[in-house]
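Student: Okay, predicted coordinates and the sequence, questions at the end:
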2 protein chains.
Amino acid sequence: MSDLAQAVLAGDRLALARLLTRVENDTLEGRQALNALFASTGKAHLVGITGAPGTGKSSLVNQIALSFRRLGKRVAIVAIDPSSPFTGGAVLGDRVRMRDLSGDPGVFIRSMASRGSLGGLAQATTGVVQVFDAAGFDVILIETVGAGQSEVDIARLAHTTLVVEAPGLGDDIQAIKAGILEIADILVINKADHAGVESTERALRSMLDLAHPVQKVFQHHGQPMNVPGQPGKISESPSSTALLWIPPIRRTVATDGTGLAELMASIQSHGEHLRQSGKWQSREMARLLAEFDLFAQQMLMELFRTRVTGEVLDQMMDSIQNRKLSPREAVSVLLSKVSI
Amino acid sequence: MSDLAQAVLAGDRLALARLLTRVENDTLEGRQALNALFASTGKAHLVGITGAPGTGKSSLVNQIALSFRRLGKRVAIVAIDPSSPFTGGAVLGDRVRMRDLSGDPGVFIRSMASRGSLGGLAQATTGVVQVFDAAGFDVILIETVGAGQSEVDIARLAHTTLVVEAPGLGDDIQAIKAGILEIADILVINKADHAGVESTERALRSMLDLAHPVQKVFQHHGQPMNVPGQPGKISESPSSTALLWIPPIRRTVATDGTGLAELMASIQSHGEHLRQSGKWQSREMARLLAEFDLFAQQMLMELFRTRVTGEVLDQMMDSIQNRKLSPREAVSVLLSKVSI
């Protein structure tokens, strides 16, 4: 194991920051360290927090981090801003955070700019999260902006995904919400002191009914529903209790801490639910398999680019440009000529 | 060449619809037809239209299609709705369109649902556009919703990209707009009869100044700026005239056709600008290269999956699950054992 990886395991914050940069830039040193640290990963609770701009998501992440700190947990925050695929932002909200969290050795904040390619960002995030995991952070908060494919990809990375809404953000984005709802383990209505909170909750609840019809059926029969934030109790047998999770809706006011205790209870219940149901392990394995596929793709392409060069490649490009061979045909021809 | 591909070249609409389905589903027949039709592609003007929900984008696409029809052009519309990565939408706005455009043999409308993976959607869109191109459509309008990575990917596919805004959509999305602006060849403020159009245009113009500093410099010096919708005239020499394009801002009211003539002039000027500057060819080649890479990746993975099976694969998965090998290490081990 490299000195850098060892220093990270030993809790050296400077080494941690340095390694995160290596991993973000996908350097050889970063890759080797990730391999070496892999045996030490798999312990942290990964919590994704996503929501549109204007929902007060950053303040909420801040509060969640503080709450976990009060429980004695070490917390890493990974803030991702893929909103600008070209300019690379990812500095928003950091100053606010720094005020409350800086100087606390149990907290580490990392902002990641979008790297042009979405795949690149998801991969860099995976690596950064693994480093924090190996470094012994108990909770890793992954914050994303928006409601696009990037959020879905990053939600796949997390154990528990919070989707943050706020009252009065308009109906135009309902269609987008419907998609993002399906990745939510916990729904949060932040800014719950604003007007319109009731109608936002009604809208979310009716969407939840569509997404989780079993809940609706049970409501129709007038039976006791799940205790929000607890595994849905649809029978008395413990096994099925653990299997079903109906996303609770939590109201918060991040600026004054209202509702935070209940939200924290839901996050922790969800973690327990995942462990009891075996979903923790299956989500973990699905993620590792996705990583395996991604690396296979990358390494195969690297080999392909090493093997296919010079004149052969130039000829193919000419054939494509003259529309004699389609890109797919050109690849077939090349694969029949070289072996990898 | 297959009968299906030949029928498409001969103008058979039923064959066209059938092939589009094959291509969307990425079937073997679809792939073969794409190869066969490749020689007939490269003529259509691909126009991407993107913007947030609520901008009236669908009506605008409708009007643009009608305008091109009046010029005698054959028009295909590809409507993509990636807003819901799970439910697969893509039916919005079609009924409106059908009313004005249905029954016209010079128009073909295709709605595409999101296919879960973003890469999959971009690939399917590429294929669908190639089929329309080969089938002799002069203009292909590619409509996308939102402002995420998918729009950026699809913009890379188009020759000319329109970004549609509307007054009063709020400041919360400014950060997102800043990213999407950089892909805009033409900015459209639709619903220009609504209040707030002036401030929307001011905001867009100041963002343009940031994105195209050369424009700003020339404004500072009080020199005549570009004629909107024409290549920016920063000098009298014809060569540099053709090289620079500063995105014009166009106001439209799609519901009554206001501003459509000017918008059409800008779209056509941009096409001429691309041809004169050589950018038409360079964008085309960049796209074909990206396709080449994508197919190489896919075929390599297919080969890898064929070669790596059974016990060897199971062992690797166990090693990953037990955290003895990282996903990256497992791939390395496998690649050293098999040859592709």
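Tutor: Looks like it came in fine.
Student: what about the strands in chain A?
Tutor: In chain A, the segments counted as strands under DSSP state E are A:45-51, A:75-81, A:107-113, A:139-145, A:160-165, A:186-189, A:249-251.
Student: Which residue ranges make up the domains of chain A?
Tutor: For chain A, automatic domain parsing gives the domain ranges A:1-37, A:41-279.
Student: Which of those domains has the lowest mean pLDDT?
Tutor: Among the domains of chain A, domain A:41-279 carries the lowest mean pLDDT, at a mean of 77.
Student: Can you tell me how far residue A:47 is from residue A:140?
Tutor: Note on residue A:47: its distance to residue A:140, by Cβ to Cβ, to the nearest Å, is 7 Å. Using the backbone N, CA and C atoms, a C-beta is placed for each residue, glycine as well.
Student: Correction: the previous question concerned residue A:46.
Tutor: Residue A:46 is 5 Å from residue A:140, by Cβ to Cβ.
Student: what is in contact with these two at once?
Tutor: Counting by Cβ atoms under 8 Å, 6 or more residues apart in numbering or on different chains, the shared contacts of residue A:46 and residue A:140 are A:129, A:133.
Student: By residue count, what's the longest helix in chain A?
Tutor: Ranked by number of residues, the top helix in chain A under DSSP state H is helix A:279-307.
Student: in the stretch 101-250 of chain A, which spans are helices?
Tutor: Secondary structure of the stretch 101-250 of chain A (DSSP state H, counting those that start in this stretch): helices at A:118-134, A:149-157, A:174-181, A:197-211, A:213-220, A:238-243.
Student: Can you get me a residue count around residue A:25?
Tutor: 11 (other Cβ atoms under 10 Å in any protein chain shown).
Student: Ramachandran angles for it?
Tutor: According to degrees, to the nearest 10, the main-chain angles of residue A:25 amount to phi -90, psi 0.
Student: interface residues of the stretch 201-340 of chain A facing chain B?
Tutor: A:285, A:288-289, A:291-297, A:299-301, A:303-304, A:316-317, A:320-321, A:323-332, A:334-335, A:339-340 (Cβ under 8 Å from any Cβ of the partner chain).
Student: Do you know the pLDDT at the closest residue to residue A:313 other than its chain neighbours?
Tutor: Distances taken as Cβ to Cβ, 6 or more residues apart in numbering or on different chains put residue A:334 closest to residue A:313, at 7.9 Å, once the chain neighbours are dropped. Listed pLDDT for residue A:334 reads 91.
Student: next one: residue A:287
Tutor: At residue A:287, pLDDT is 86.
Student: how near is it to residue B:334?
Tutor: For residue A:287, the distance to residue B:334 equals 19 Å [Cβ to Cβ].
Student: Now the longest helix of chain A: buried residues?
Tutor: For helix A:279-307, a neighbour-count test (16 or more other Cβ atoms under 10 Å in any protein chain shown) marks A:279-280, A:283-284, A:287-288, A:290-292, A:294-301, A:303-304 as buried.
Student: Now do it: which elements does it pack against?
Tutor: Contact here means 3 or more Cβ pairs under 8 Å, 6 or more residues apart in numbering or on different chains; DSSP states H and E; on that basis helix A:279-307 packs against helix A:118-134, helix A:149-157, helix A:260-277, helix B:279-307, helix B:310-321, helix B:327-337.
Student: Which of those helices sits closest to residue B:127?
Tutor: helix B:279-307 (9.4 Å; Cβ to Cβ).
Student: Next, the angle helix B:327-337 makes with that closest one.
Tutor: 80 degrees (axes from the mean of the first three to the mean of the last three Cα atoms, to 10 degrees).
Student: and helix B:279-307, how far out from the chain's middle?
Tutor: 17 Å (Cα atoms, centre = their mean, to the nearest Å).
Student: and if you look at stretch A:265-275?
Tutor: 16 Å.
Student: what does stretch A:27-47 give?
Tutor: Using Cα atoms, centre = their mean, the offset of stretch A:27-47 from its chain centre is 16 Å.
Student: you'd agree the residue nearest to residue A:313 is up against residue A:309?
Tutor: No - using Cβ atoms under 8 Å, residue A:334 makes no contact with residue A:309, being 10.7 Å away.
Student: of those two, who's got more company?
Tutor: residue A:334 (19 against 10).
Student: what's near enough to touch the more buried one?
Tutor: Contacts of residue A:334 by Cβ under 8 Å, 6+ apart are A:304, A:308, A:312-313, A:316, B:296.
Student: Hmm, residue A:157 and residue A:122 touching each other?
Tutor: Yes - between residue A:122 and residue A:157 there is a contact under Cβ under 8 Å: 7.4 Å.
Student: Give me the more crowded residue out of these two.
Tutor: Taking other Cβ under 10 Å, residue A:122 and residue A:157 do not tie; residue A:122 has more neighbours (23 against 20).
Student: what's the distance between that one and residue A:154?
Tutor: 7 Å.
Student: One more: residue A:105?
Tutor: 27 Å.
Student: Could you measure from the residue positioned nearest the centre of chain A over to chain B?
Tutor: Taking Cα atoms, centre = their mean as the criterion, residue A:154 is the residue nearest the geometric centre of chain A, at 3.3 Å. Plainly put, residue A:154 is 12 Å away from chain B if you go by Cβ to the nearest Cβ, to the nearest Å.
Student: mind checking how far the closest residue to that residue other than its chain neighbours is from residue B:130?
Tutor: Counting by Cβ to Cβ, 6+ apart, residue A:154 lies nearest to residue A:144, which is 5.2 Å off, once chain neighbours are set aside. As judged by Cβ to Cβ, residue A:144 and residue B:130 stand 33 Å apart.
Student: More neighbours: the two, which one.
Tutor: Neighbours per residue, other Cβ under 10 Å: of residue A:144 and residue B:130, the larger number sits with residue A:144, 28 against 22.
Student: Return the residues in contact with the closest residue to residue A:284 other than its chain neighbours.
Tutor: Spatial nearest neighbour of residue A:284, excluding adjacent residues (Cβ to Cβ, 6+ apart): residue A:42 at 6.5 Å. Applying Cβ under 8 Å, 6+ apart to residue A:42 gives the contacts A:133, A:284, B:323.
Student: Adding distance to residue A:269 as columns, could you present those residues in CSV?
Tutor: Formatted as CSV, the contacts of residue A:42 follow (distance: Cβ to Cβ, whole Å):
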residue, distance to residue A:269
A:133, 21
A:284, 19
B:323, 27
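Student: end-to-end on stretch A:245-258?
Tutor: With Cα to Cα, to the nearest Å as the measure, stretch A:245-258 spans 24 Å from end to end.
Student: Name the residues of it that come out as buried.
Tutor: A:245-254, A:258.
Student: for the residues you listed, which one is nearest residue B:33?
Tutor: residue A:247 (43.9 Å).
Student: which residues does the closest one contact?
Tutor: A:184-187, A:208, A:212.
Student: Now with 7 Å, please.
Tutor: Going by Cβ atoms under 7 Å, 6 or more residues apart in numbering or on different chains, residue A:247 touches A:184-187, A:208.
Student: Distance-wise, check it relative to chain B.
Tutor: For residue A:247, the distance to chain B - Cβ to the nearest Cβ - is 14 Å.
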